[in-house]
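Colleague: prediction below, plus the sequence it came from.
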Amino acid sequence: SNTINLRADGDSVMIIKNYHDPNEYFALEVRKNTTLGNSLFPVPIGLLIWHVDKKVYSSDDYEDRTRYAHYQYSIVQKDGLFELEKGGPGPPINAGDIYVDGDQFNDDSTPNAHWWAGEASGIEIKDIQLLDADHVQFTVIIPEIHADHFDYIPKTDWKLVSATPSLDGY
């Protein structure tokens, strides 16, 4: 458990990695709407939580938020309405999407802190406080690696044993 203090639009971003998959992580950053380029940010200051999966190599057309069809970079929208993926009803991002005073993010919240494969991450982000016009403080709890944790299995030195024959057009 750690208390974190991030400056808005600074050079600080907190990364919480998936122990089972080094290509998947949550990125936490603080934004404020008075910074040049942030005029569309819907609240004066707030915490953005990104769910990142570097294994996704596509345009932004994987909008289902499922294990196999999700964005590479996805904003965890606090209100759980997923309007960014559904294209509306309002501006691309609204105040309900941002984490502010008193909000929390964990395996039981909506949206939850599960990894894309569906397993619980055990991550908790709580006690979010707007300290001043430039800083947000929050508590992060990251679980210890447990006894049955498996390491990432690298896909190096693999060899193809068999494959079905290819068909024209596929």
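Modeller: All right, it came through fine. Since we're looking at a predicted model, the values are computed, not measured.

Colleague: looking at the chain, which helix or strand does the model trust least?
Modeller: Ranked by mean pLDDT, DSSP states H and E, the weakest helix or strand in the chain is helix 83-86, scoring a mean of 77.

Colleague: what does that one contact?
Modeller: For helix 83-86, contacts defined as C-beta atoms under 8 Å, 6 or more residues apart in numbering pick out 63-65, 71, 74-75, 77, 89-90, 92-94, 97. Where C-beta positions appear, they are placed from N, C-alpha and C, glycine not excepted.

Colleague: mind putting those in TSV, secondary structure, neighbour count and distance to residue 161 included?
Modeller: Shown next, in TSV, are the contacts of helix 83-86 (DSSP: H, G, I helix; E, B strand; the rest coil; neighbours: other C-beta atoms under 10 Å; distance: C-beta to C-beta, whole Å):
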residue	secondary structure	neighbour count	distance to residue 161
63	coil	15	35
64	coil	12	32
65	coil	14	34
71	coil	21	33
74	strand	22	35
75	strand	17	41
77	coil	20	43
89	coil	8	51
90	coil	10	52
92	coil	12	46
93	coil	17	47
94	coil	16	51
97	helix	23	46
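
Colleague: which positions within the least confident helix or strand of the chain qualify as buried?
Modeller: 83-85 (16 or more other C-beta atoms under 10 Å).

Colleague: what does stretch 135-143 give?
Modeller: 135-138, 140.

Colleague: and residue 147, what's its pLDDT?
Modeller: pLDDT for residue 147: 57.

Colleague: okay, now the unreliable bits of this protein?
Modeller: 58-60, 87-91, 146-154, 167-170 (pLDDT under 70).

Colleague: quick one: the strands in it?
Modeller: Listed in chain order, the strands of the chain (DSSP state E) span 2-7, 14-18, 21-32, 45-53, 73-75, 124-130, 135-141.

Colleague: tell me which of those is the most buried.
Modeller: strand 45-53 (a mean of 21; mean count of other C-beta atoms under 10 Å).

Colleague: tell me, what residue is most central in the protein?
Modeller: residue 51 (1.8 Å; C-alpha atoms, centre = their mean).

Colleague: reformat the strands of the chain as JSON lines; add distance to residue 159.
Modeller: As requested, these are exported to JSON lines (distance: least, C-beta to C-beta, whole Å):
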{"stretch": "strand 2-7", "distance to residue 159": "43"}
{"stretch": "strand 14-18", "distance to residue 159": "27"}
{"stretch": "strand 21-32", "distance to residue 159": "22"}
{"stretch": "strand 45-53", "distance to residue 159": "26"}
{"stretch": "strand 73-75", "distance to residue 159": "33"}
{"stretch": "strand 124-130", "distance to residue 159": "42"}
{"stretch": "strand 135-141", "distance to residue 159": "41"}
